[in-house]
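**Student:** okay, here's the prediction I keep looking at, along with the sequence it came from:
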Amino acid sequence: MKIKFGDLTRVDGGATEEIIVKSSLLTQTKDILIGGGMILLGVGYLCCAAFKNGVDETAKAEQRAYKNTGCLNEYGWATVITPDLANQFKGEE
């Protein structure tokens with residue numbers, strides 16, 4: 001795309017030159033795609049980090065609850081059996 005901004009003329013009138021600005025759509029499109037890609041990568045990274053932190057905090061809270069109620073064995077495993085699981089062990093579904 002070419003845009004003409006006017007003419008430039010020497011004082012003595014000997015030479016005249018047009019002021020033309022050339023714009024390349026390919027460069028602009030490439031910049032937009034690169035910027036959009038970087039934004040998408042940033043948003044994806046933040047979502048993954050938030051999900052990972054949420055999972056870690058949930059696991060820590062669960063471990064704290066087991067520890068506070070005394071439901072951990074010497075290896076750090078939970079020794080709680082839910083009523084549904086107890087019924088399955090007995091063969092009563």
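**Tutor:** In hand now; what should we look at?

**Student:** give the rounded mean pLDDT of the helix or strand hosting Tyr45.
**Tutor:** Assigned by DSSP states H and E, Tyr45 belongs to helix 25-69. The average pLDDT within helix 25-69 is 87.

**Student:** do stretch 79-93 as well
**Tutor:** Stretch 79-93 shows a mean pLDDT of 67.

**Student:** Three-state assignment for the residue sitting furthest away from the middle of the chain, please.
**Tutor:** Going by CA atoms, centre = their mean, the residue of the chain most distant from its centre is Asp12, 61.3 Å out. Counting by DSSP: H, G, I helix; E, B strand; the rest coil, the backbone at Asp12 sits in coil.

**Student:** which ones are touching it?
**Tutor:** By CB atoms under 8 Å, 6 or more residues apart in numbering, no residues touch Asp12. Using the backbone N, CA and C atoms, a C-beta is placed for each residue, glycine as well.

**Student:** ramachandran coordinates for it?
**Tutor:** Backbone geometry at Asp12, expressed as degrees, to the nearest 10, gives phi -80, psi 0.

**Student:** and it, what's its pLDDT?
**Tutor:** 79.

**Student:** related to what we said a few turns ago, show me how far the helix holding Tyr45 is from its chain's centre.
**Tutor:** 5 Å (CA atoms, centre = their mean, to the nearest Å).

**Student:** name the residues of stretch 58-67 that come out as buried.
**Tutor:** By 16 or more other CB atoms under 10 Å, the buried positions in stretch 58-67 come out as Tyr66.

**Student:** report the backbone C-alpha coordinates of that stretch in PDB.
**Tutor:** C-alpha atoms of stretch 58-67 as PDB (Å, rounded to 0.1, in the frame of the first residue of the first chain):
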ATOM      1  CA  THR A  58      -5.400 -29.200  47.900                       C
ATOM      2  CA  ALA A  59      -3.000 -32.100  48.500                       C
ATOM      3  CA  LYS A  60      -1.300 -30.200  51.300                       C
ATOM      4  CA  ALA A  61      -4.600 -29.300  53.000                       C
ATOM      5  CA  GLU A  62      -5.700 -33.000  52.800                       C
ATOM      6  CA  GLN A  63      -2.400 -34.100  54.300                       C
ATOM      7  CA  ARG A  64      -2.800 -31.500  57.100                       C
ATOM      8  CA  ALA A  65      -6.300 -32.700  57.800                       C
ATOM      9  CA  TYR A  66      -5.200 -36.400  58.000                       C
ATOM     10  CA  LYS A  67      -2.300 -35.400  60.200                       C
END
